[in-house]
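Sequence first, predicted model second:
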Number of protein chains: 4
Amino acid sequence: MTQFADLTLREIRRDLHRHPEAGWKEFRTTALVAEELDALGFDLSLGSDAVNVAERLGVPADDEVAGARERARREGAPEEYLEYMDDVTGLVAQKRYGDGPTVGVRVDIDALERSEAMDDDHRPAREGFASTHPGEMHACGHDGHTAIGVGIARAFDEEGFDGTLKLFFQPAEEGGRGGKPMSETDHLDDVDVLFALHLGLDEETGTVVGGYDRPLSNAKIDVTFEGEPAHAGGAPQEGRNALQAMSTAIQNLYAIPRHADGMTRINVGRVTADNAQNVICEEARMRVEVRGGDADLNDYMMGKAERVLDGAAGMHDVDYETSLYGMTTTFENDQSVVDTVMAAAETVDGVDQVCGRSPFGGSEDASFLIRKVQENGGVATYVGVGASNPAGHHTAYFDVEEESLDIAVDVVTESIRRVAAES
Amino acid sequence: MTQFADLTLREIRRDLHRHPEAGWKEFRTTALVAEELDALGFDLSLGSDAVNVAERLGVPADDEVAGARERARREGAPEEYLEYMDDVTGLVAQKRYGDGPTVGVRVDIDALERSEAMDDDHRPAREGFASTHPGEMHACGHDGHTAIGVGIARAFDEEGFDGTLKLFFQPAEEGGRGGKPMSETDHLDDVDVLFALHLGLDEETGTVVGGYDRPLSNAKIDVTFEGEPAHAGGAPQEGRNALQAMSTAIQNLYAIPRHADGMTRINVGRVTADNAQNVICEEARMRVEVRGGDADLNDYMMGKAERVLDGAAGMHDVDYETSLYGMTTTFENDQSVVDTVMAAAETVDGVDQVCGRSPFGGSEDASFLIRKVQENGGVATYVGVGASNPAGHHTAYFDVEEESLDIAVDVVTESIRRVAAES
Amino acid sequence: MTQFADLTLREIRRDLHRHPEAGWKEFRTTALVAEELDALGFDLSLGSDAVNVAERLGVPADDEVAGARERARREGAPEEYLEYMDDVTGLVAQKRYGDGPTVGVRVDIDALERSEAMDDDHRPAREGFASTHPGEMHACGHDGHTAIGVGIARAFDEEGFDGTLKLFFQPAEEGGRGGKPMSETDHLDDVDVLFALHLGLDEETGTVVGGYDRPLSNAKIDVTFEGEPAHAGGAPQEGRNALQAMSTAIQNLYAIPRHADGMTRINVGRVTADNAQNVICEEARMRVEVRGGDADLNDYMMGKAERVLDGAAGMHDVDYETSLYGMTTTFENDQSVVDTVMAAAETVDGVDQVCGRSPFGGSEDASFLIRKVQENGGVATYVGVGASNPAGHHTAYFDVEEESLDIAVDVVTESIRRVAAES
Amino acid sequence: MTQFADLTLREIRRDLHRHPEAGWKEFRTTALVAEELDALGFDLSLGSDAVNVAERLGVPADDEVAGARERARREGAPEEYLEYMDDVTGLVAQKRYGDGPTVGVRVDIDALERSEAMDDDHRPAREGFASTHPGEMHACGHDGHTAIGVGIARAFDEEGFDGTLKLFFQPAEEGGRGGKPMSETDHLDDVDVLFALHLGLDEETGTVVGGYDRPLSNAKIDVTFEGEPAHAGGAPQEGRNALQAMSTAIQNLYAIPRHADGMTRINVGRVTADNAQNVICEEARMRVEVRGGDADLNDYMMGKAERVLDGAAGMHDVDYETSLYGMTTTFENDQSVVDTVMAAAETVDGVDQVCGRSPFGGSEDASFLIRKVQENGGVATYVGVGASNPAGHHTAYFDVEEESLDIAVDVVTESIRRVAAES
C-alpha cells in the first residue's frame, strides 16, 4: 500500500505543495512517485540511472543536498527509494502495454526558491496546504505537473494502449539545470513521440494550446574572481582587487553590442564581495544570465561575456572561474503531433478552447529532451493546459485551479491513444 | 560585593576576554565595570548619559542590540546597571580626591567582529579564556584597556591625588564609531589633562611610548542604491539598475585623482546586490572607506566620493542613501604631557625603554576626545604601553602579555600624580 | 538664357556631380536650379524663405559657410540668387497650372563629406565629371535627384496638369539636418499629395518601388565636456577631468538597457580630447547617435543617453553641453498614393519591375515633410527608382545609371497626372 | 666666417628664439652651432653620430621631419652640416686642451610645441624676436642653454684648461625623447665629470643652485587600439569597438591603486577616435603618462598600465600597440662636484646667492647622461642658474633674463677649471 494509493490527483498535488523541494533536492517527491509507479508495474530508473550525473548543472552544496535528503526521510519518503537514489533525484519510469510506439511524457517536479504567501487571501494558506518549507514554494505548478504524471500512469492501468509509456519526472527545471542531464542518457533514444506539458501560462482553465514553442535560449554562469587581499591603507599596491575586476566586468557586460539578427539580453545578479572595508577585495562573486532569440544569439552573448570576464580579470591581475549554473535552448514543435493534441483536446470534457502553436515567452529546458527525440527521428510538442491563476507564475500568491489536473491527464492520454492508433 | 572585587587585573582581563562584546553591544562590560567603580565611590554616567546618542555611528540593528543586552544579562551583568544603560553602552566615571586638576583617562572597551583561534597554540584557548562568543574576539587588547581603567581607579583608592579623576570607558572604537559621540557631551569640558592609552602596537613589554600621534583621518560610509526591479528578459527597459549604478560608482571611486599634498586612500568592501539573475537589480549596497594623511585630505576624498555616488546614481536613475558608519580624525599630542609620561615611565618597575613621540600608523577615534580637550585649553597624549604579542593586532592569534597591565596602571597613575604635583 | 537651359538631365546631373556641395553649403546648386525654375515661371522661395532658419541642425561654422558661398560664386552661381539666399541654402518653387490639387515633390540636393575615387575604374573619373571638391562627393545620388526635380518642372512646361506643382529642393539630408527645418514652414500646409523619391537603394535600373517606409528614427548629438586643466603631476586634485567624464559616459552609453519593444542602437564617434599628456583634460568632445525602431524607442534611447551624460559630468564635476546635430523620424506611406505610383510605373518606358511597399533600412529626414503633409490630411509616398550601382551608397565608387533619371521623371509626372485626374 | 661669429650670446639666444625647433626638428639650431664650433676647432659628431638612432623616442613622422629640415635650409642652416646630419639632429663636439680630465657639458636645444604670446606685454614680441614658427616656442629656456653651450666653447678658446671639453647639444628633451638615445652612444664613456644645467626654475637672476636632483621618473606611451568597423545600425555585432576598449582602459588607468611607498601619477591625453557616428569605431589613440617618485614607482605604474591596456583590448577583441613616446629616470648628484660648483659660483660676478642640493620638482632626461657617467665611475651635477622669469616655464609669456647667460657660462667654466686643477 503506497502513500499515494488512496489519494486523488488533487490530494497528491496538495501533499506535494505542502512539501516543496527545490532543484536537485526532490528526494521526497521522487521517492513517493517511484513507490506509486512501482506498485503500478513500471520499471524504474532513479537518480544516477535517470540523469547523467556528470552533466548536472547548478547542483547545491553537498551539505544542502544531504540536508534535503534527511528532511525527505523525516517527512515520509520511503527508505527503499531513497537508498536507490543515493544523492541524486529524478525518475524515469517505463511500462510496456503493447507493440506500438514508445511515447514519452515529461513533467518537471522541482519547486522554486522563494517563500509562499501565508495569509488567508491565498487558498493554499487558507485551506492548509501551503508550503511547510520556508524559502521553497511550488510557485510554477510543478506540483500539479507531478500529479498529472501519476494520473497518466493510473489512467492506462486498466486498458493500456498499444505501445510503451515512458514517464520522465525531471528535476531542477528552474534555472534550466535538469533538462540537459536528463537528455544526455539513453532513455530518449527509443521515444517516438514526446509530450511535455505546462499548466497555466496565463490561459484560463478550459483552454488547451496544442504546442508552445520557440522559447528563448538562455545560459547562466556563476563567476568567481579571486585576487589577493592587502591592507587598503598600508599597502594598496599589494592587493589584486577582485571587486575592481568584477565592477569593470559588470560595466562591460551590459555594454555588449546589440545584435542585428534578433533579441539579446544580459543581466547580472547575486553579486557579493565580502571583504572588510579596509581590505583590498580578495574574492568577488556574481551570476550572469544571457539570453538570445535563438541559440546562435545566445551563444553570441555568452561568447562576448566570456571575453569580458577574461579581460576584466586580466586587467586587475586576478584569477576567475566560471561554472555553468543552468541553460536552456530553443525548439520547435512538430505540427503533426500538435494536430493530434488539438484533435484530442476537442473531445475532452472541460475543454472549451483549443489553440494551435504559440510562441513561448520564457525559457524551458524541456528543450533538450524535445531536441533529443527529434534528432532521433521522433516528434514532440509542448502542450499548454490552461489553469486559471489568481497571481502570476513565480509570485508568492501563485496557485492553479485544480480542475486542470484531470483535463491535462485526459488530453495527454487521449493524444497518446490517437498516436498509437495512427501508427 | 562586586563580581570584579576579588579579581586581579589579569583575571578581569581574562573574564572580559571570554565575553567579548563588539561595538555598541558592550552591556556586560559596561555593567561590571560600573558596579566595580560604584563600589569604589565614583559618580557614574552610563549609556545615554555617557555618549551623545544622536551622534552614535554604525549602531547595529535594534534586534542585534537587544540580543546582546539579553546575552549580557544571561552572562551575569548586574541588572541595576543594565537598567540604567537601557539600550546604550558606555560609561564615564568621576571621583574627586582633591582641589587640583581634573585628569581624564580614556580606554576603549569593545571587541572586534572576528572569530578567535581555538587551538592550543593560542594561550587563551589553551588556558581556557578564549572567546565564548563566536564571531567576536578581543583581538585588539581592549579587554586589557578596560582592566587597566579599573586598575587606575583601584590605585587611587587609598591615597588619591590632588585632583579629580574621570575615567572614560568608550564603546565602539573599532570602525571609529564611539569616539565622536562620547566627545560630543560635556564630560570633557573640565578635563585639564587627558591620557589615552593602547597596549601592544608592535612594542615589546617594557617599552613605553610617551605619545603616538598624527594618525590617519578616515571615514566610512554605508551606501545603498535603490532602483526598480524589472524582468531582465521581458522588460529590461523598465528597470532602474542599482547594480549598474554601483559598478559605475566603484570604477570611479578608485579613480578619484591622487592629491599632491599627501597620502589619500579609498576602498570598497561589503558589496552586495541580491537580485536573482533574471531580475534587474533593485537594491545594491556597499561600504566605502576613505583615508587621508590629514583631515583635509580625508575631506577631499569624501567630497569626491560623494560626487561620484551622486553622479552614478543619477546616471542610472536610481536613488541612493549614505550613512556615516564611522570616522576618525587626526591629532597631535602636547609635548608637555608627553614629557611628563616619559619622566614617569622612567620610574616604573618593568619599564626598560622609554620613547618620545612617534607617528601612529593607523586610525584612532580617541582623536575626538583629545581634540575636544585641546580646544578647551587642556593638554593630552596618547600613551603606548608595550605588550609582547604572539601575533598581529586584529588576527585570530592576537594576545597581550599581561605584565603590561600593571605597567600601564603604574605609568598612568605616576603621570597623574606628577601632573597634579606640577599644577 | 540660364546655365542649365541647354543641358540634358544627364548633363545637369554631371555638372552637379563635378561640383558637390555638402549640407548647408549648396549655394551653387540652389542658385542654378533657382535660375532655371525662374525661367520656367515658378515662384521661388529661397534660403530663409525656404527653411525655418531657427530650426536648422548641424550647420557648419560661419566661415565654412561663407567659404562655400564664395566658392559657389567663383564656380558660376548666378549672383542674383546668391544674394536672395544670403547665407542659407534651399529652395521651394511653386507653379499653378490648374485648379486641381497641390502636389509636392521633394528632392534632396546635398553631397556627402567624403572624397571620390579618382581612378579609371570609376566612370565619373574616367569621363571627367568626378568631384572637383576634395572631401565632398555626390555618393548618394542627390545630384540625380536634383536633376530629376528640374526634369519634372520641364515636363509640365508645355501641357501642365490640372493642379499646382510645388518642388522642394531640400538641403542637408545627410545627417538628418535639413528635413525638419524645411517641414517647419508653411509651404507644406496646402500640399494634398507629396512624392519623395530616391535613386538606387540596391535596385536595378528598371525597377520601381511604390513606396519605401518605416525607416529607423535616429538622433545625433554633439557633446562637449568642459572641465578644468591642472598639472597632472603637480596638482592632479585641482583638475576637473573632462576625459574621465567622457570615458565614463561612453562606458555607460553602450550599456543603456535593451528595450523589449523593438530595435535600439547607440554609437559614439568623432571623439577628441586634445590635452597634453601631462595636463588634466579640460575639454573633451564626441558625437553620439541613437536609433530606434520607432520614434518612441528613439526617444527612449535619447532620454537615457542624456541621463548618462548628466551623471557622468556631475560625477567628475565638469560642465557639458549638447547640441542636436541631426535627426530623422519614421513614417508610413499612404497605400492610395503607393497604388497610384505603381499603376503609373507600369506605363513608363524602361520600367520592367514594379514593387509595392517595402521597409526602408536606413534613416530619412523626408520623414518630417511626409508627416507634416499627413497631419494636414494629405497623403504621401517615398518612391524608389532603381538605378544599377557599381558600388554601394556612400562609398568612393558610387555612381548611378543615368537612364534612371528619365524613368524617375516619367514615373512621378505620370503619377501626378493620375492624382490630378482622380481628384 | 660663421653666422654666429659676430653675435653675442644674447644675440644668439634671440636668433634661436625667433627660430624655435621642436624635438627632432632642430636642424637649423644644430647646423649653426656645428658651424660655430667647427670654426673653434672642435671635432664634431652630428646626427646619427651624436645619438643612437635606433633608440630615439617620439620621433615625428618622416614628412614632418623632412619639412623641418627644408625649413631650416630656407632659414639659413649651412648646407654642409645639414648634409652631415641627414635626417637626424643633435651634436657632440669635443676639443682637447690638455692632458687633464674629460669634462662634459650637456645642454638641451629643442623648443616646445606651443604658440608664443604676441602682444607687447611680452618682451620677445615687443623687441621683435618672438617665434616666427607658429606652434613652436622656446618656452623652457633651451635657446639660452644652447647659447650658453656656445659661450663655454668660446670661453676656453684662448686659454683652454688642462683637459678635454665635450659639449653635448641634446635634441628632444621635451617629452624625454632625446636623453636616452644620446646616452646610448660611447660619447660619455670617457667623461670624468658632467655638468648639466638649466636656467630659471623659479630662481631669480643671481642665484645658483649647486645641484638639482631626485627628479621624478616618468614614461609616456602612445597607444593605438585597432578594431573592426561595422555599421552601428545595421550590424553592431560585427564591429570590434576600439573606442569601448579605450574608454574601459581610461577608466581603469585612473584607478590603478595608489602605492604606499611614495608618489605615483597617471594621466591620459591626446585622445582621438575618428570614426563617423554611425560606424563602430575601428581605431582609437591616446597618450598615457605615468610618473613615480622613483624609478620603481614609475615601473609599478607602467606595469599596471600595460596590464590595463591588455585587458581592455582583450575584453573588446581589439588589437593594440604601444610605443614609448618618451621617458626620464631619476638621478642623484655627486656631492663633490656640487661643492665645486658652489665654490666656483661664489667667485662669479652677478651671483648673489648660492644654494646646495635641492629636489627637482619635474622630470629631466639629462638623467640618462648623468647615470651613464656615474656608472662609468664619473661624477655629475645638474646646475641651476637663476633667471628671473615674467611667467612660468611652458607658458606663452615665458622669457629669461639674459644676464643669466654670462653667469651660467662663468659658473660652468670656473667649475671646469677647478675640476681640472683638482684632478
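Right, received. Where do you want to start?

CA only for contacts and neighbour counts going forward, please
Noted.

host element of A:P390?
For A:P390, there is no helix or strand it lies in under DSSP states H and E.

Surely it is in contact with A:A396?
No - here A:P390 does not reach A:A396: they are 10.5 Å apart, not a contact under CA atoms under 8 Å.

Confirm that A:L297 lies within a helix, as I assumed.
Yes - assessed with DSSP: H, G, I helix; E, B strand; the rest coil, A:L297 lies in a helix.

where does it land on pLDDT?
We have a pLDDT of 96 for A:L297.

what do you get for A:H259?
Value listed for A:H259 in the pLDDT field: 96.

and the closest residue to it other than its chain neighbours, what does it touch?
Excluding the flanking residues, the one nearest A:H259 by CA to CA, 6 or more residues apart in numbering or on different chains is D:Q237, at 5.0 Å. Counting by CA atoms under 8 Å, 6 or more residues apart in numbering or on different chains, D:Q237 touches A:257-260, D:230.

In three-state terms, label D:Q237 for me.
Under the three-state scheme (three-state DSSP), the conformation of D:Q237 reads as helix.

A:S358 should be in a helix, yeah?
No - using three-state DSSP, the assignment for A:S358 is strand, not a helix.

Spit out the contact partners of it.
A:209, A:211-213.

Name the member of those residues with the most neighbours.
Greatest neighbour count in the contacts of A:S358, by other CA atoms under 10 Å in any protein chain shown, goes to A:G211: 30 neighbours.

Around A:R96, how many other residues sit close by?
By other CA under 10 Å, the burial measure for A:R96, its neighbour count, is 18.

Relative to D:D190, how far out is it?
A:R96 is 101 Å from D:D190, where distance means CA to CA, to the nearest Å.

and the stretch 301-423 of chain A, which residues reach chain D?
Counting by CA under 8 Å from any CA of the partner chain, the residues of the stretch 301-423 of chain A close to chain D are A:307-317.

how about a cut-off of 6 Å?
Contact residues (CA under 6 Å from any CA of the partner chain) of the stretch 301-423 of chain A with chain D: A:307-308, A:311-312, A:314-315.

Distance from stretch A:240-253 to the middle of the chain?
Per CA atoms, centre = their mean, to the nearest Å, the displacement of stretch A:240-253 from the mean C-alpha position of its chain is 31 Å.

Tabulate the CA atom coordinates of that stretch in CSV.
Extracted C-alpha coordinates of stretch A:240-253, given in CSV (Å, rounded to 0.1, in the frame of the first residue of the first chain):
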residue,chain,number,x,y,z
ARG,A,240,44.9,42.3,-6.6
ASN,A,241,41.4,43.7,-6.4
ALA,A,242,38.7,41.2,-7.3
LEU,A,243,36.0,43.8,-6.8
GLN,A,244,37.5,46.2,-9.3
ALA,A,245,37.7,43.3,-11.8
MET,A,246,34.1,42.5,-11.2
SER,A,247,32.9,46.1,-11.5
THR,A,248,34.7,46.5,-14.7
ALA,A,249,33.2,43.3,-16.0
ILE,A,250,29.7,44.4,-15.0
GLN,A,251,30.1,47.7,-16.8
ASN,A,252,31.2,46.0,-19.9
LEU,A,253,28.8,43.0,-19.8
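
Which residues does it contact?
The contact list for stretch A:240-253 (CA atoms under 6 Å, 6 or more residues apart in numbering or on different chains) reads A:225-228, A:280-284, A:305, A:308-309, A:312-313, A:316, A:318, B:247.

go with 8 Å
Applying CA under 8 Å, 6+ apart, the set of residues contacting stretch A:240-253 is A:225-230, A:266, A:268, A:273, A:280-285, A:305, A:308-309, A:311-313, A:315-318, B:244, B:247-248, B:250-251, C:251-252, C:255, D:248.

Please pick the buried ones from the residues you listed.
A:225-230, A:266, A:268, A:273, A:280-285, A:305, A:308-309, A:311-313, A:315-318, B:244, B:247-248, B:250-251, C:251-252, C:255, D:248 (16 or more other CA atoms under 10 Å in any protein chain shown).

So which of those residues sit within helices?
Among the buried ones among the contacts of stretch A:240-253, the members found in helices (DSSP state H) are A:305, A:308-309, A:311-313, A:315, B:244, B:247-248, B:250-251, C:251-252, D:248.

quick one, what contacts A:A130?
Per CA under 8 Å, 6+ apart, neighbours of A:A130: A:17-18, A:116, A:118, A:124.

so which two of those are the farthest from each other?
A:H17 and A:M118 (13.1 Å; CA to CA).

Have a look at these two and say which one is more surrounded.
A:H17 (26 against 16).

coming back round to it: pick the one among the ones in helices among the buried ones among the contacts of stretch A:240-253 closest to D:L9.
Nearest to D:L9 among these, with distances taken as CA to CA, is D:T248, at 51.4 Å.

what's near enough to touch the residue of chain A found nearest chain C?
Per CA to the nearest CA, A:A255 is where chain A lies closest to chain C, at 3.9 Å. The neighbourhood of A:A255, defined by CA under 8 Å, 6+ apart, consists of C:251-256.

switch to 6 Å and redo it
A:A255 neighbours (CA under 6 Å, 6+ apart): C:254-255.

same question, A:T264
Applying CA under 6 Å, 6+ apart, the residues near A:T264 are A:291-292.

same thing but 10 Å
A:216-218, A:256-258, A:290-294, A:297-298, A:300-301, B:233, C:258-260 (CA atoms under 10 Å, 6 or more residues apart in numbering or on different chains).
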